[in-house]
Structure formats: structure tokens, C-alpha cells
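1. Sharing a model prediction with you, sequence too.
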Amino acid sequence: MAIDGLIILDSAGRPIIQSGFRSTSPSYALVHIDAYNNAVAAAESKPGSRPGDIDPVIYVPPFNSADSPSACCHVPCGDLQILCPLSGDVDPLFAFAFVQTFVDILTEYFATVNAVTLKDNFDVVYQLLEETLDSGGHPLTTSPNALRDIVLPPSLLTKLLSVAGANFSHTMNAGSSASGPFASPIPWRRAGVKYASNEIYFDTAEEIKAIVGKNGTPLSCNVWGVAQANSRLSGTPDCLLTFTNAHVLADCSFHPCVRQTLDRLQRWARDKSLSFVPPDGNFTLFEYRYAPAASSTGTSLVASQGGKDNDPLPIALKHSFDITNTSCTFEVSVTSRLTTRDIEGFVAKLYVGDNATAIKCVMGRGSAGMSRGLATETGSGGSSWSFDAKSKVVRWEIPKMASSSSWYLRGSFNSTSTPPRPAHAIQTHFEIHSYTFSSLEVESLKVTGEQYKPYKGVRGRTSGNIEWRW
Amino acid sequence: MSGQYFNSITENASRLGMRIQESISEHTRELSITRGASTAYLEAPDDKSKNIRKQLDSNSDREKLDAMKRLIAMISKGRNVSEYFAQVVKNVASHNLEIRKLVYIYLLRYAEQEPDLALLSINTFQKDLTDINPLIRAMALRVLSGIKVPVIGSIVVLAIKKCAADVSPYVRKNAALAIPKCFELDPSHTPALITIITTLLRDRSSLCIGSVAVAFEAVCPTRLDLLHQQYRRLCRILVDVDEWGQVDLLSLLLRYARMMLARPDVEGDSIDPDLNLLLNSTEPLLQSRNPAVVLGATRIFYYTGPPSRLSKVTQPLLRLLPGSKEVSRIVLVYISVIARDSPYLFTPYYTRFLVSTEDLRVVKLTKIQLLLHLLTPETYSSILREFIDCADDTDNEVVTVAVQALGKCSHQIPESTQTCLNALISMIKSRHDTVVSSAVLVLKILVQNELEVESHSRPIQTQQNPGMSIISHLAHRIDDIKHPQARACVVWLAGQYAASDAPSADCEGMHDWAPDVLRKAVKGFINEDPIVKLQVITMAAKLLVLNPTDRTLLLLGRHTLNLAKYDLDYDVRDRARMVGALLVGVLPKEVNGADEVPEERGGVVLRREQVRVVLFNGKAGVVDKDKPSDDRSLLGSLGMITGRPMRGDDILTDWLEEGIEPSLRTNPDDTTTPSAIPTAISSRPHSKATSAHASPVILTPGASPSGSAMRDSSKGLWGDLDSFYAEESEEEEEDVGSEDDEENEDDNDEEDGEEVDEEDGDEDSLDATTNETRPMLQPSVGAS
């Protein structure tokens, strides 16, 4: 399995960085860039299709009769677009997995990935490309820990040295073989890590994804969680992490440090404790699905999948739409169901269709409809709405929803030609800090192999993506 | 007290820190300029590039680095900078690592275009191959193998051979990756390369085994016999390999299993232990975070596992869906393919495939397709509701497919027919053309199917018949149906099924609504779309045939034909002429002769019954069939996603009836080293052990070939398939043969004769050394 190379485009569709392409015509990369830009233009100009609605795998017909057809996989990343041309028998998942890994590496190196940082550090990016991708298109070294030894991250020190004219990087790299590249016996962990204080932090981020039907009952509802860790531990610690309520975790997937060697995996299967030697720095330890009913296997799943067994959704949304031949009026109200916490960053999005014009909205706090007077009194309470004429989406934002509070949005729009055709669903997104659905709790963290007792920190947060159909 | 003291210290410290920070930022104002300059490299105008030559020749590393960055920036912009090749090559021996890396990057791009100049630097590369830094060794090999000059093929082979025996697994990995390039350059080196691959296959480090699989697939994909002895070990170390290596190794093992192992039973109770080993070792990989690995493992279960174990893949595949939208778009296609054969795996989880308005169009279409596979008597009502919701989508293509899915649903689950019909009829009232036209088209098919079924059991006449009641419903709503295609369809239906034996007040021989539809259609005839006009003419003809005596109908029909005769569209005029001619024998003479001079016409005049056959028969039974699923492309191939044949789309061989003799796979090394799985994960003393593990693999030509004497004859003689068969026949001929004889025979049979044998000897002697060193290591392993 091999990809052909990588091309990084800026927001205008111009290439910033290209990897080498092997044994293909010089125009190969250009053909793919064109194919992508054409697809973008087509999605924007075609009536009825939403901008950005492009198949992530674009078929690229053969450039001339001697060529074979190829495909262009593309992934957005901030304001950039990363193209990954494929030809021959390659699983597109392989391409997407590699692009994701590469983006993770870039993020690790430059903190933010955008056109400016890449242009600033293009030499580092080229070195990274060289080390992560063989010229035959096979991934080489993708573990951030190993890469840090080979390609120096841009830092004040290296800049200082380059200005001073002195260059110590070669001595640093080629120095004693103990700290040199690939000296570590564990591929994902650097050798000889030392910290003054030994700490490890766990962030669990959960996301609820639900679709609520026209009658207001959830059709599907699942909670997915990711445990991110930031390890700052010296030496080669062998950690054993146990949870108080591990039985709520299902469909887990693990970082290689847990998967490597069967013993560790079997340990998870046996007593649900995680045994691992962490990489240094940030990494994703494991991902899971929150399954409150541990015995939800087999036939009872149909019922439990419906979300009835899960926690009720943290918000309730009511809506009414009235569509005539030329215009549409709508009214949406949202209520927080949480009693003790605030919901933050609430955003509701409604696609109003191609021909929508003259959009007007009123919004406020309080229950909608009946209590107009009350609403005007309290004002908008920090909420705001906007309309993006390019994507034809009405956005309604409430930065902070106090517990059990209600908010409403009333609006109308006209349609120039055909009857209005808004999307029949409202997308909502929100966040809740210091809260998880699973209330996953770390019971203990034991470190063997090293003398110190590490400090551990655990945080949780929740985000939600709920679609309300009407 | 002490706390106060401490506070003051920290305060001072932070103050000091701030001051240092300030002074640094002051002193490094120049730095920020260089930072900006880095961007300036990319945006610099080209006239500056004249200096590059001078800079590259200068003595200052800083100048050189600057020049190299400038060159890389120009490469990035798509300029051809091969003109500087000569100057760049000179710097390949720079002692500054950063410059050297950039030089390598440059060389890798342009070595192909400037082979002659690249040759100049070969000495440097060869020297670099012995550098103490593994990074340099690996890069040197990479550039060396990237130079496409067939002359140096043998040098490259030597370099690969040297690196394949390197201490560092990283260098060995690069050696494996260089093999395919060397093979492309000059296939005549294949035997030597295969030998290196064979050596590398036995590598103890899990780091490079994935790249060896890549080399194997590129150079000798058919020599699966080389894997016999390594198969079990490869299975066991699978879990330790890095994720990209796992993907390549899985596809190699998949091919091996299909080629060499016995087909498992349907029940899965008698399964080849070696296949079982593969499945067991693959299972943990389903928990990988890398979607490509999950799919690779899924392929193993899907293509080699007994059906009873296929359920293992369900949850891992579903887990990938909420990830990135790109991944979910691909995974949905794969799930859809698996669900086509084994829907039971995914039926309980159909709610995971509900369509979101935010999904990409292609994702929506795939989900609808997938939900169709999951229809069962238990799930149909919810899935049906989902299709109905999809018909509200803003994308016409999605709407059409969703409405068609409703039709298929009613076809697959007879219980759902009534719900489907109700939904479709309510869709006809929609404001949106697409919804209406799709609904009508699907209704037409449904009604026809319905009537088809009915006609087998009892005659169509009864009014209660659901099919007929739909038609009458549509007929009454003809004015509301605006979309031309839908309108044409309704008119056609009304004409086709107008016949009725029931006594009627208005018009004998047909349903009451039929003449009415014609009347309404004719009224606005000139404004209709051509396809509607065509159907109106046909309908008029059908009604006239059903009842040629009714005066009103006759006038209406004549009016229709007259209108059509002078229509703008020639298709319509043609149809009118044809229908008129067809009806000559049907219509009563006095009407015919009233406004037209009867001409003498040739040909046959059909009787009424004959015309009726022509107009009505052979139209029913238009069942929409799914496209035959000729889609035989493999799970995880590009062709499956693009829906078009791509180059090199693989085909998996069918199972052997009986597997290859399992004793071929016994590897004597396995028994001597029970801890074949690297014990890398452990504390300090251990790391020594692993590096020692890796180090003894040094190919010394001086090693005595007498090592071959030590090898177990059962394994050593069957080095490959040919010799195995050769030997078997040998044994049949003469039952007792001395070992020496056999070995001679062996030599003759092998194509690459001596070379391979010699190599074998080397490896064995190597093994001997590893075996010797191992006992010394044991204590430390045990200690940890």
C-alpha cells in the first residue's frame, strides 16, 4: 500500500508544499490540483448543492491514454487543504489515516497549522515529509517521539543558533548514541526523558451525537469519548490505570502503547485496567463509546440504541415552521435541561436553501411565542444571529445558557423563485465544561519501573451535536 | 516565616525570568527578522537566486544553509532548479547535519533528472553508508536507491545488502524500502534481491517487517513459499508491528492464507490451526485507532474467517463512523458491501446509519443504499420513516434515491406496501417538482407490480383493488400534478388501466374517471410538454378502442388528433399520424368521412381486437431491478470507492481444496526462542537486551558454510515449493535415499542454484550466532 505523495494547498487552491512524486509524469501533481479546484468550483456553482459538498475521493480520469486513472483524496485542515493522490490498488482509508497522522505531527511541531506557519517553517515541513514518507509512498517514522530526535522542532534555541552562525545541531544529533535517534528500545517513547516534577494529565472529552425525529423522540443517540493524555514522566514508567466505573466503556480503541503486546490488551479484557508505557508529551490514550447498559448486546440493542436508556438530552428544542409559496417563517426555542451547570457556546444552524433572501430574525431570552413582552424586556441576553450568504446558513449563538433557562429565535425569509426549500433539520452544537456523561473516574495510577510517584490530573468536558428534524 | 522567605524567592525568580525574557527579546529582534525572512524565502523574487551559486560555493555554513533553503523554497513553488545540481552535490559531505538533510532532499528530487552528476556523488554516499549516525546511513541509502541509473544497479544491491544487516532497525527498514526501487531500476537483480528479502523476513525487529512485506509484494509477490517458515512468527509479532507495517503485513498474510491454507468450514468447528492463529493474532488489531489497520483486520475476517467469527468486525467498523467525515464516507461503503451478504451483522445498529442533513451527498446516498440492505420485518417501519424524512432533503439526487428506496422497500417487505403507498401519495402534494415526479414514477412501478400480482389471482376489475384505487386517486388529482414527467406518467396509467367491465353511467367499457382525465388533458393540450402530449394521444387512442361508439368520446379523440397533427413537435405529429392510421379500422365510417376525403390507402387495416392488443398488451411488469451486483472488487480497494476500475485492482484467489502441508511451516527457531515477541517494553536493563538482539545480524561472508550441516533436514530441504515437490517425487521413486543425494538433487532443481544455497548457509550460521548469544541474554530478560 502506497500513496503517491502529498500536496498542501492554501485557501485559494494554490500549492504551498509538495512532496516528490515518483515515476509519474511531471504534470501528475498539477492534474490533481486542477481536479480538486474544479470540484470545488462545481460544488459552488451547481444549483441545489451546498458549497463544500465534495466527495472526499475525487476520481481523476487518465491524463492521456498511456496513463491509468487515479483518485484524489482531500482533507481540509484549517485554511489549508491537503491532497493525497492515489493510483493503483490502495485503500483510501490508508491515505486518510496517513494525512491525519501528518496533520497531527504538524500540530505537534507548530501548535497551529495554517498557511502562515507552514510558510514560515517550510524547511522543517520538508524535512518532516522526508522522514514520514518514503519516496515510494510508504510511511516511515510517524511517531512524534521518534521524529523529535530526527527533525528538530523550530524553537527559539535553533533560531538563536542559526542567527549566531554557530551550528550545534549536528553535534546535538550525532552525539552520544544513547540519546541519538532510534536509540530508544520503545518506538513510541524517547529515551532518557527527564523531568523535575513528574506529572501526567488526562483529559476526557465526550461528544453526544443524536438525531431527534419529527415527533421529538430521539432516533439515535450515542456518546463517544476520547481520553487525551499529556505525559511528563521521567525514564521508562510502566503505568497501570484503573477506573472506578470502567464497565460503562464499550468499543474501545487504544494507542499503540496499550495495544502493543498481547498481555496488556488481555489485561484490559480481564479486569478493565490499562497498562502502558506512555509516549512523552501529548497523545490519545484511548477512545470509547459510553454504554450505560453494560449488558446491551444482542436483540435488546434496537431498543437501547434508540437513546431511551441513555441520559436525556441536555437541551430541549421546539420549533415551528410555516412555509408558503414564496416565504417561510420559523420559530425555534431552546431550553436547558441541566439544573446545576451552564451550557456554553450554544450554536444552532439552519440551512435555508439556495434562493433564500431577506432574512430577518428576532431573538431573546424567555419562552418563545406567548411572552413577547417578557422577551423584549430581557433583551437578547448576549445571544446573536448571523447569516452567511455564501453557505446560506443562519447561525444562532448563545455564549452562555444558564441552567434551566429558555431562549427563542423567530425569523422569516423569502425565496426568489421556487418555494423555499430549507433543510428539514436544525443542527445544534454546545459544550459543557467539567462534566462527562459517563462520569468516568480514575481510581488509581500506579507506576512501576521508576521510583517516583507521579502527580496525576484528570479533567472532563462534553460537547454535543444534535440534529432536530422537523 | 519560611513561607514568606520562599515567596520572596519565587518573586525574585520570576522577576529575573521576566528580565531575561526582555533582554532576550531585545537581543533577538534580529531573530524575528530571520523569522520573517523564512517566509521571504517563499515569496522572494527570482532575481535574488543569482547569488545561490556563489553562496553554495562559499565557506560559511550559514550562507550554504541560506542557499539551500532558497532552493527548497523554489522547489516548493514548482520551479525547476536542477541547474544548481553540480554546486549542491559538492555539499553532500557537509559536516553540518541540517545542510546535509536539505541537500539530500534536493538530491532525492533531482537525482533522476541529472543521473550523470549524481554519479559523481556516489563515493560520498558509499562513505556515508558507514557513518556512525543511523540517520545518515539511511538517508544515503535512500538517495542512492533514488538515482535511476541502471549502471549503478549492482552498487545499490550491495548497499542494500549491507544496510539489511545494519545494527539499527531503522536502517534495515530503509534497506527494505530500497528494494522495490532497485527492482524497478533493473529487474535482473531479482535473485539477489529475493535473497535479501529472505534474510530480512527473519528479522527479529518488528520495526522493519512491514517494509519487508512491501518489498516482497513488489519484487516477488508469487513466491509465497518463502513465507512458509516465517508465517507463524509473522502472525505472532503482528501486534507489535507499527501501524503502517500492520496494514502491509495483513494484506500479505491474507494472500498467504487464501493461497496456502485450507478453507474453513461454514460452521467453523474444524479450522486449520494456522488459520486460527492468524485470526487470533488479527483480533487485537481491530482495536487500533488507525482506520486502515481496522480495515486490514476486517479483510482478514471477511475473506478468511468462518462466518461464525465475522461478527467480530461489526463494532470496530461502527466505531470508525463518528470519526472524520472522510473516514466515515469510505467505511460506509465497506459496511454496505459486507451488509449486502450478511445484513444480520448490522441490522441491530441501523440507527447509526440515519441520514444527517450535514452529511455529504455521497454519504447520504450510501446510507440510503445501506439501510435498504438492513430491511427486515422488525426494522422496516423505522427505516421507512427514515426514507420519508430523506425525501425532504434539499438535494434533488438524494430525494430521488430516497423515494426510489421507498419503492424497493415495499417490494422487499410486502407488509410495508400500504405505508409506502400512503407516503408516496402524500408526496404528490409536495411543492417540489423532484419529490412529485419521483413519487409518481415509483407509484407507477408499485401499481404495476400490484396489478401484476392481482392479475394472477383474480381479475383486475374490482374497484377495491388497491392498485386501481391508486390510479383513480391519481386520475382525480391530475390537475395538481404539474411536473411533465409525472403528468405523462399519470396520463399513461389512466389510459392503460381505463378498461372496466362494471356498468357505467357515462361511458361503457371504462372507468368513470378515464374520459375525464382525457378531457382535462386535452383542454390545455397546446401548453403541455411534448412527453405529456405523446401520452395524451396514446390515451385517446386507447379510450377510443375501448369504446368506439360513444359520440362525445369520439369527438374528443378526433379533436386530440387534430390538435396533435398541427403540433410544433414532430414527434407529436408522428405519433398522431401513427395512431390515426392504427384506428382506421376501429372508428365508425361516418365520423371518419365527415371532414376528410377518404383516401385509398395500402397496407393492412387492423380490426378493433387487434388494435387493442397493439395498444394495451406487453406493457405491464416493468419491475425495477437492482443493478446486478457484478461488483467483485475487493474490500479496501480504490475501485470500490470510485466505482470505476482502477489500475491494479486486486483479485483474491479462491481457497485451495486442501491446504499446504502444515509441517512446512514449522520453524525450528520458534522452539528455541519461545520469547520471539520482543520484550522491548520494560525498564533499563532490558533495552540492552533488545539492542543485543538486533545486533548479531551481520552478514559475514567468511562465516563457514558448514553451518548448513546444523540445519534440520526437514525444514532446510524444503526451502521452496519447487524443491518440496521435487523431493516428494524423489521419495516416491526411491524410498531410501541418503541425505547427501537429496541435497544434490535439491541443488539441481533450484533455479537460482548455488547462490541461494550459499545464502541459506550464511543465515544458518547467523542463527547459530544468535542462538549462542541468547543464553547470555537470558538472565537479564528473566531479571526484568
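-> Everything's here; your move. Numbering: from 1, shown residues only, chains lettered A, B, ... in the order given.
2. Kindly list the single helix or strand of the chain that scores lowest on mean pLDDT.
-> Since you didn't name a chain, this refers to chain A. In chain A, the helix or strand scored least confidently by mean pLDDT, DSSP states H and E is helix A:301-305, which has a mean of 38.
3. not quite, I wanted chain B
-> When the helices and strands of chain B are scored by mean pLDDT, DSSP H and E, helix B:684-694 comes last with a mean of 38.
4. what's the average pLDDT for the helix or strand harbouring residue A:427?
-> Residue A:427 belongs to strand A:425-433 when assigned by DSSP states H and E. Mean per-residue pLDDT for strand A:425-433: 91.
5. residues of that strand that come out buried?
-> For strand A:425-433, the neighbour count (16 or more other Cβ atoms under 10 Å in any protein chain shown) marks A:425-428, A:430-432 as buried. Just so you know, the C-beta spots here come from the backbone N, C-alpha and C atoms, and that holds for glycine as well.
6. quick check, distance from it to the centre of its chain.
-> 15 Å (Cα atoms, centre = their mean, to the nearest Å).
7. after the least confident helix or strand of chain A, next one along is what?
-> Using DSSP H and E, the helix or strand that follows helix A:301-305 towards the C-terminus is strand A:315-323.
8. How about exporting the very next helix or strand once past that next one as PDB, limited to the C-alpha atoms?
-> From strand A:315-323 onward toward the C-terminus, using DSSP H and E, the following helix or strand is strand A:327-336. Extracted in PDB, the C-alpha atoms of strand A:327-336 (Å, rounded to 0.1, in the frame of the first residue of the first chain):
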ATOM      1  CA  SER A 327     -41.700  32.800   2.100                       C
ATOM      2  CA  CYS A 328     -41.000  30.900   5.200                       C
ATOM      3  CA  THR A 329     -41.400  31.900   8.900                       C
ATOM      4  CA  PHE A 330     -39.900  29.900  11.700                       C
ATOM      5  CA  GLU A 331     -39.700  29.900  15.400                       C
ATOM      6  CA  VAL A 332     -37.200  28.000  17.400                       C
ATOM      7  CA  SER A 333     -36.900  27.900  21.200                       C
ATOM      8  CA  VAL A 334     -34.400  26.100  23.200                       C
ATOM      9  CA  THR A 335     -34.400  25.200  26.900                       C
ATOM     10  CA  SER A 336     -31.500  23.900  29.000                       C
END
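9. List the strands paired with the very next helix or strand once past strand A:327-336, with their directions.
-> Next helix or strand after strand A:327-336 toward the C-terminus (DSSP H and E): strand A:343-351. Looking at strand A:343-351 with DSSP bridges, its partner strands are strand A:393-401 (antiparallel), strand A:425-433 (antiparallel).
10. And the contacts of the last one?
-> Spelled out, that is strand A:425-433. A:314-315, A:317, A:319, A:332, A:334, A:338, A:341-350, A:401, A:461-470, B:356-358 (Cβ atoms under 8 Å, 6 or more residues apart in numbering or on different chains).
11. Can you turn the buried part of the residues you listed into a PyMOL selection?
-> Only the buried entries of the contacts of strand A:425-433 go into this PyMOL selection, using 16+ other Cβ under 10 Å:
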select buried, (chain A and resi 314+315+317+319+332+334+338+341+342+343+346+348+349+350+401+461+462+463+464+465+466+467+468+469+470) or (chain B and resi 356+357+358)
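12. OK, contacts around residue B:612?
-> B:545-546.
13. tell me which residues in the host helix or strand of it are buried?
-> Per DSSP H and E: residue B:612 is located in helix B:608-616. Within helix B:608-616, the residues scored as buried using 16+ other Cβ under 10 Å are B:611-612, B:615-616.
14. Same check on stretch B:331-351?
-> For stretch B:331-351, by 16+ other Cβ under 10 Å, it's B:331-339, B:342-343, B:345-351.
15. related to what we said a few turns ago, now the strands paired with strand A:343-351 in a markdown table, please, with extra columns for distance to residue A:229.
-> Listed next are the strands paired with strand A:343-351 as a markdown table, based on distance: least, Cβ to Cβ, whole Å:
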| stretch | distance to residue A:229 |
| --- | --- |
| strand A:393-401 | 29 |
| strand A:425-433 | 19 |
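16. Nothing else from me, thank you.
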